[in-house]
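Peer 1: just a sequence and a predicted model for now, questions to come.
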Amino acid sequence: METKYSRGRHPNSISVLEMGRIKSLETRRRNREIKKMIKEKEKAEKDRKILDLEFEIFKIRKRKEEEEYYRKLMEDEYKPLSGININLIIRNVFNK
């Protein structure tokens, strides 16, 4: 038995092929948009990680600067004693 198709209803007809092409283009466009959104999200996450890393580096530098500042203050406050000062301290402490 041979099936008769009316004009434009055959599976290989131009109108069916055209509909398939349109659906294919829509699917490609949709997939392209999804990939673009995924890439934008990954880029945003990468930028956030870079900013977090820069902030950590900034905190480490500030901490080192503070430690250096306090170390200099301690050095300025506690200078080594001269021989004369050591003798005066020993006499004052042990001769009482």
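Peer 2: Yep, it's here.
Peer 1: can you point me to the longest helix in this structure?
Peer 2: helix 14-77 (DSSP state H).
Peer 1: quick one: residues in contact with the next helix or strand along the chain from that one.
Peer 2: The element immediately downstream of helix 14-77 (helix or strand, assigned by DSSP states H and E) is helix 83-94. With contact meaning CB atoms under 8 Å, 6 or more residues apart in numbering, helix 83-94 is reached by Leu81. Any C-beta I mention is one placed from the backbone N, CA and C, and that applies to glycine too.
Peer 1: pLDDT below threshold where in the protein?
Peer 2: By pLDDT under 70, the low-scoring segments of the chain are 1-3, 5-11, 96.
Peer 1: of all residues in it, which one is nearest the centre?
Peer 2: In the chain, the residue lying closest to the centroid (CA atoms, centre = their mean) is Lys49, at 1.0 Å.
Peer 1: can you give me the neighbour number for Val16?
Peer 2: The local packing of Val16 (other CB atoms under 10 Å) involves 13 other residues.
Peer 1: quick one: it from Lys23, how far?
Peer 2: 11 Å (CB to CB, to the nearest Å).
Peer 1: cool, and Lys41?
Peer 2: Lys41 is 27 Å from Lys23, by CB to CB.
Peer 1: go on, Leu53?
Peer 2: From Leu53 to Lys23 the distance is 45 Å (CB to CB).
Peer 1: got it, and Lys35?
Peer 2: Taken as CB to CB, the span from Lys35 to Lys23 is 19 Å.
Peer 1: same deal with Glu65?
Peer 2: 63 Å.
Peer 1: neighbours of Lys46, how many?
Peer 2: 10.
Peer 1: helix, strand or coil for Lys4?
Peer 2: Assigned by DSSP: H, G, I helix; E, B strand; the rest coil, the conformation of Lys4 is coil.
Peer 1: now for it: which residues touch it?
Peer 2: Lys4 neighbours (CB under 8 Å, 6+ apart): none.
Peer 1: and it, how far from Lys49?
Peer 2: Counting by CB to CB, the gap from Lys4 to Lys49 is 65 Å.
Peer 1: Asn12 now?
Peer 2: Taken as CB to CB, the span from Asn12 to Lys49 is 53 Å.
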